[in-house]
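Visitor: Return atomic coordinates for the entry below.
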Amino acid sequence: MVSERDYYDILGVQRGASDEELKRAFRRLAQQWHPDVSTEPGADLRFKEINEAYQILSDPQRRQAYDMFGRAGVNGPGSGDPFGAGGFQGFGDLFDAFFGAGAGTGTRRGRPPAGSDLRYDLRLTFAETISGADKEIEFTAMARCETCAGSGAEQGTSPVTCPQCSGTGEVRQVRNTMLGQMVNVTTCGRCRGLGRIVESPCKTCRGDGRVERKRTLRVGVPAGIDEGHQIRLSGEGEAGPRGGPPGNLYVVTHVEPHPQLKRQETELFYELDVSITQASLGARVPVPTPDGEEWVEVRPGTQPGTEIRLRGKGVPHLRRSGSRGDLHVLVDVRVPSRLSSRQRELLEELAVESGEIADDGGGDDREGPTNGTGPAARSGRRRKTGIRDRLKDAIS
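Guide: Residues are numbered from 1 along each chain as shown. As a prediction, this is how the structure comes out:
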């Protein structure tokens, strides 16, 4: 045995608890502590402890022995195997705890299986993800046979109860073993677990209850949807055989990217190239947004890497109606790779005015002695880190 605690304490019930109270307590604890469900350390031992307690207390004779003699009455010599002839009763209740009452009993009725789920890949433009869209899709799937209304039986006839399993959809075989009675449950081979058989199959669907058909649906695409998102359409998948419930249709979205805007969830990003003069003097420049082109102000003296945020110009939130992200405009100052003579002259004058280089009196720095001692050489040394040399390096 896995525990020495009182069985009533393990299940959290009083000693006079009824069978129904014991069953409810067991189901609640089994759902909480089953090793496939709980991630708590020691969940498997706790589950064994709960199952052991219910095994004893759910059996009237063993419960009476436990109430009189404690564990010695059920585990001691002469008490018999701890599982006994009815030792597997708790496993039926455990099955009920996860799959509903009656799922593990002999009264279960066979039910037609559900239809398969389907997937449809839907292509969207960037604009459709911003504003939302109403799209029409067309696909081929198994649909309910209209001739037999999905029953699979010829018109004027109906499926009958399977005589082999009496409509349960399963066959049980009981064997006596050293541990008591062992029950082996298998799917009925005659009705394939459906519980009913079709003696006169429908000629249209050949007894399956469904036929292949082309379908057309309209899908509402919400604003803000992104690449790889799924839209589930319940009950729009394939029909189940013999009148079984239909599966679901999953529409997977694929979005055509914007040529200039980059998306990260609800935020959009745009790299804005401006010239040196625009960054220095300021300018109004157009910027693409999801709603069309918009003019933004570049302030005088704007530095590379400056961010201009346009609030509410991003992507709509899927779960917050009326709320949108922002558009982040990242400024990059563009340096020209080629200069005309006049442009070079103006930039050199700017460099002199700003004190980046010294004025050499208007002389050409290529004139003068070449021995490294003339004015040009000296001014060349002074200009070694000036803007003129950097421009030459960039252009050459």
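
Visitor: Pull the number of nearby residues for Gly42.
Guide: Gly42: 11 surrounding residues under other CB atoms under 10 Å. Just so you know, the C-beta spots here come from the backbone N, C-alpha and C atoms, and that holds for glycine as well.

Visitor: And what about Leu350, helix, strand or coil?
Guide: helix (DSSP: H, G, I helix; E, B strand; the rest coil).

Visitor: Going forward, count from 24.
Guide: In the new count, where the first residue is 24, that last one comes out as Leu373.

Visitor: what about it, distance to Arg198?
Guide: Plainly put, Leu373 is 100 Å away from Arg198 if you go by CB to CB, to the nearest Å.

Visitor: do the same with Arg86
Guide: Distance, Arg86 to Arg198, using CB to CB: 27 Å.

Visitor: Which of those two has more residues huddled nearby?
Guide: The neighbour comparison of Arg86 against Arg198 (other CB under 10 Å) goes to Arg86, with 19 against 9.

Visitor: which residues touch the residue nearest to the more buried one when sequence neighbours are not counted?
Guide: Excluding the flanking residues, the one nearest Arg86 by CB to CB, 6 or more residues apart in numbering is Leu80, at 5.0 Å. Leu80 is in contact with 30-31, 34, 45, 86, 89, counting by CB atoms under 8 Å, 6 or more residues apart in numbering.

Visitor: Please repeat the previous calculation with a cut-off of 7 Å.
Guide: Leu80 is in contact with 30, 34, 45, 86, counting by CB atoms under 7 Å, 6 or more residues apart in numbering.

Visitor: Now, these that are in helices?
Guide: 30, 34, 45, 86 (DSSP state H).

Visitor: Give me the pLDDT for the third one.
Guide: You'll see Leu45 listed with a pLDDT of 88.

Visitor: And the second one, by the same measure?
Guide: Note on Leu34: pLDDT of 89.

Visitor: Surely it touches Ala48?
Guide: Yes - between Leu34 and Ala48 a contact is recorded at 4.5 Å, counting by CB atoms under 7 Å.

Visitor: helices and strands of the chain: which one has the lowest mean pLDDT?
Guide: When the helices and strands of the chain are scored by mean pLDDT, DSSP states H and E, helix 398-405 comes last with a mean of 40.

Visitor: Helices along the chain, start to end?
Guide: Assigned by DSSP H, the chain shows helices spanning 30-34, 42-56, 66-80, 83-92, 95-98, 112-122, 149-154, 299-304, 364-376, 398-405, 410-418.

Visitor: closest to Met205 out of those helices?
Guide: Closest of the helices of the chain to Met205 is helix 112-122, at 11.5 Å (criterion: CB to CB).

Visitor: where does the stretch 74-223 of the chain have low pLDDT?
Guide: Across the stretch 74-223 of the chain, residues meeting the criterion (pLDDT under 70) sit at 96, 98-134, 200-204.

Visitor: now do 80
Guide: Across the stretch 74-223 of the chain, the ranges flagged by pLDDT under 80 are 91-136, 196-208, 212, 215-217.

Visitor: Quick one: the strands in the stretch 124-273 of the chain, in order.
Guide: Taking DSSP state E, counting those that start in this stretch as the criterion, the stretch 124-273 of the chain contains strands spanning 141-147, 156-167, 183-184, 193-200, 203-210, 219-220, 233-244, 253-256, 272-278.

Visitor: List the strands paired with the fourth one, with their directions.
Guide: Using DSSP bridges, the neighbouring strands of strand 193-200 in the sheet come out as strand 203-210 (antiparallel).

Visitor: Please state the offset of the strand it pairs with from the chain centre?
Guide: 39 Å (CA atoms, centre = their mean, to the nearest Å).

Visitor: What of stretch 319-327?
Guide: For stretch 319-327, the separation from the chain centroid amounts to 41 Å (computed by CA atoms, centre = their mean).

Visitor: what comes up buried for that stretch?
Guide: For stretch 319-327, the buried set under the neighbour-count rule, 16 or more other CB atoms under 10 Å, comprises 319, 321, 325.

Visitor: Between the residues you listed, which sits nearest Gly190?
Guide: Val319 (73.3 Å).

Visitor: partners of the residue nearest to that closest one when sequence neighbours are not counted in the sheet?
Guide: Using CB to CB, 6+ apart and skipping residues adjacent in sequence, the residue nearest Val319 is Val310, 5.0 Å away. Here Val310 sits in beta bridges with Glu317, going by DSSP bridges.

Visitor: List the residues that contact Val310.
Guide: By CB under 7 Å, 6+ apart, Val310 lies in contact with 293, 295, 317, 319, 352.

Visitor: farthest pair in these?
Guide: The most distant members of these, if one measures by CB to CB, are Leu295 and Glu317, lying 11.7 Å apart.

Visitor: Show me which positions of stretch 206-218 end up buried.
Guide: 211, 214-218.

Visitor: Pass me the low-pLDDT residue ranges in the stretch 274-419 of the chain, would you?
Guide: In the stretch 274-419 of the chain, residues with pLDDT under 80: 344, 366, 371, 373-374, 376-419.

Visitor: Looking at the contacts of Leu80, which one is closest to Lys226?
Guide: When the contacts of Leu80 are compared for distance to Lys226 (CB to CB), Leu45 wins out at 54.2 Å.

Visitor: Report pLDDT for Pro268.
Guide: In this model, Pro268 is scored at 86, pLDDT.

Visitor: Quick check on it: phi, psi?
Guide: Note on Pro268: backbone dihedrals following degrees, to the nearest 10 are phi -60, psi 150.

Visitor: That one contacts Ser139, correct?
Guide: No - applying CB under 7 Å as the test, Pro268 and Ser139 come out as separate, 11.4 Å apart.

Visitor: Tell me how many other residues surround the nearest residue to Ser181 once chain neighbours are set aside.
Guide: Of all residues not flanking Ser181 in the chain, Ser174 sits nearest, at 6.7 Å (CB to CB, 6+ apart). Counted by other CB under 10 Å, the residues lying close to Ser174 total 22.

Visitor: ok now do Ser174, which residues does it touch?
Guide: Neighbour list for Ser174: 181-182, 232, 265-266 [criterion: CB under 7 Å, 6+ apart].

Visitor: Please apply the same query to Glu261.
Guide: Neighbouring residues of Glu261 by CB under 7 Å, 6+ apart: 138-139, 141, 164-165, 269-270.
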